[in-house]
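*Asks:* Need a 3D model of the following:
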Amino acid sequence: MERPLPPGLIGRAIGWLECVPLCIPEVFFRFGIGLAFWRSGQTKIQSWPTTLSLFRDEYKIPILPPEIAAYIATAVELSAPILLLLGLATRLGAAAMLGMTIVIQAFVYPQSYPTHLLWAGPMIYLILRGPGVLSIDHLIRKRFARP
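*Replies:* Predicted structure coming up:
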């Protein structure tokens, strides 16, 4: 059961904010988190020898050889943001980036949890709720959904 809005200016402001369509923050979530990962991917491909050195000497992901980890991380950082930008396979792209964030948090920079939490919030929202109506996913779902 919804509580009534407080009277006056605050109540009107809250009412106005609650009328903002969800597609607006959903687009910001997709673009914002996508941009952070895209920039990281661009940095990696600008100096591949440096990237390999970082994966070998600093990141040290367990289980995966540094070269394989570098290729996987770069592929995620260059493909998932495009998916988010288009709103295509958004949940898959966000899940890949969230998985990468969890690996970074657990094995590379555990002290950076404030940043990783800021990244995880929009990704979790997109995984749970999808990209919203301003997306290719929405058009596909609308076209192929059963009546």
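
*Asks:* C-alpha from now on. contacts and neighbour counts both.
*Replies:* Will do.

*Asks:* Quick one: the helices in the protein, in order.
*Replies:* All helices of the chain, identified by DSSP state H, fall at 8-18, 23-46, 48-54, 66-86, 90-103, 113-129, 136-144.

*Asks:* in this structure, which ranges drop under the pLDDT threshold?
*Replies:* Counting by pLDDT under 70, the chain shows low-confidence ranges at 1-6.

*Asks:* Dihedrals phi and psi, residue 145?
*Replies:* Note on residue 145: its backbone torsions stand at phi -70, psi 140 [degrees, to the nearest 10].

*Asks:* so who does it touch?
*Replies:* Residue 145 makes contact with no residue, according to Cα atoms under 8 Å, 6 or more residues apart in numbering.

*Asks:* The helices of the chain: which one's closest to residue 60?
*Replies:* Checking the helices of the chain against residue 60 by Cα to Cα gives helix 66-86 as the closest, at 6.8 Å.

*Asks:* List the buried residues of the closest one.
*Replies:* Of the residues in helix 66-86, those buried under the neighbour-count criterion (16 or more other Cα atoms under 10 Å) are 66, 69-71, 73-74, 76-86.

*Asks:* what does stretch 106-125 give?
*Replies:* Buried-residue list, stretch 106-125, by 16+ other Cα under 10 Å: 108, 113, 116, 119-120, 122-123, 125.

*Asks:* Over to stretch 30-46?
*Replies:* Buried residues in stretch 30-46, counting neighbours by 16+ other Cα under 10 Å, are found at 30-35, 37-38, 41, 44.

*Asks:* Now distance to residue 60 too, for the helices of the chain, in JSON lines please.
*Replies:* What follows is the helices of the chain, written out as JSON lines (distance: least, Cα to Cα, whole Å):
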{"stretch": "helix 8-18", "distance to residue 60": "45"}
{"stretch": "helix 23-46", "distance to residue 60": "16"}
{"stretch": "helix 48-54", "distance to residue 60": "8"}
{"stretch": "helix 66-86", "distance to residue 60": "7"}
{"stretch": "helix 90-103", "distance to residue 60": "11"}
{"stretch": "helix 113-129", "distance to residue 60": "18"}
{"stretch": "helix 136-144", "distance to residue 60": "36"}
